[in-house]
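*Asks:* Need a 3D model of the following:
(2 chains)
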Amino acid sequence: DAGVIQSPRHEVTEMGQEVTLRCKPISGHDYLFWYRQTMMRGLELLIYFNNNVPIDDSGMPEDRFSAKMPNASFSTLKIQPSEPRDSAVYFCASSFDSRYGYTFGSGTRLTVV
Amino acid sequence: GESVGLHLPTLSVQEGDNSIINCAYSNSASDYFIWYKQESGKGPQFIIDIRSNMDKRQGQRVTVLLNKTVKHLSLQIAATQPGDSAVYFCADCSGNTPLVFGKGTRLSVIA
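*Replies:* Numbering: from 1, shown residues only, chains lettered A, B, ... in the order given. Prediction:
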């Protein structure tokens, strides 16, 4: 297995634009997590899915953020409109359990100018 | 999950020396912990885990110690190498909620 695959690796966009981050989890993993990492706040959980269903989105900062998982092999995190404070590294992880066995992707470094 | 804190945000160690990274947790009922290593440009990766029925667990050059009395765990890296330079996270994996990570401890190895 190629692991968790995220795209793009880097994204630079202008404030106000829509940004879509993509994630392909490991086949067979029932859980998918979206995390955001910044120097100030560390690694924060944004939302997670179990069997394609969103379970907890309380970490999503505001309505500008949305996440979907249309099938077991694909998830998106969308920011619309983007703001400079959204600049961070966004990680996707998948697992067979909600607590352990996480495999992280390489992340998407988002810069909003 | 319960919040997990780290004592030192940065640690500089001479190559060849031993490193100790500390972590405190708040939930006395916590029973399972994992240490993750995050290298530059990568996501966190599993290093070693420990359950509460153990005080110590050893891997290759790494040892995790768990002190349930004071709710503290540590990660010890023997003969630290440049490749050990990374950010290290401890995660409380108790309960049934996703992992909560702290800011991590940055380990810098001085050649």
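
*Asks:* Can you name the residues in contact with stretch A:2-20?
*Replies:* Contacts with stretch A:2-20, where a contact means C-beta atoms under 8 Å, 6 or more residues apart in numbering or on different chains, come from A:21-26, A:76-84, A:86, A:90-94, A:103-113, B:43. C-beta coordinates here come from the backbone N, C-alpha and C atoms, glycine included.

*Asks:* Show the buried residues in those residues.
*Replies:* A:21-26, A:77, A:79, A:82, A:86, A:90-94, A:103-110, A:112, B:43 (16 or more other C-beta atoms under 10 Å in any protein chain shown).

*Asks:* Looking at chain A, what residue ends up closest to chain B?
*Replies:* Nearest residue of chain A to chain B: A:Phe104, at 2.7 Å (C-beta to the nearest C-beta).

*Asks:* What are the boundaries of the strands in the chain?
*Replies:* No chain specified, so I'll use chain A. Applying DSSP state E to chain A gives strands spanning A:5-7, A:10-13, A:19-24, A:31-38, A:42-50, A:53-56, A:65-71, A:74-79, A:88-95, A:103-104, A:108-112.

*Asks:* think we crossed wires, I meant chain B
*Replies:* Using DSSP E, strands in chain B cover B:4-6, B:10-14, B:19-25, B:32-38, B:45-51, B:56-58, B:62-67, B:72-77, B:86-92, B:105-110.

*Asks:* Check which helices and strands the fourth one sits against.
*Replies:* Using 3 or more C-beta pairs under 8 Å, 6 or more residues apart in numbering or on different chains; DSSP states H and E as the contact criterion, the elements in contact with strand B:32-38 are strand B:45-51, strand B:62-67, strand B:86-92.
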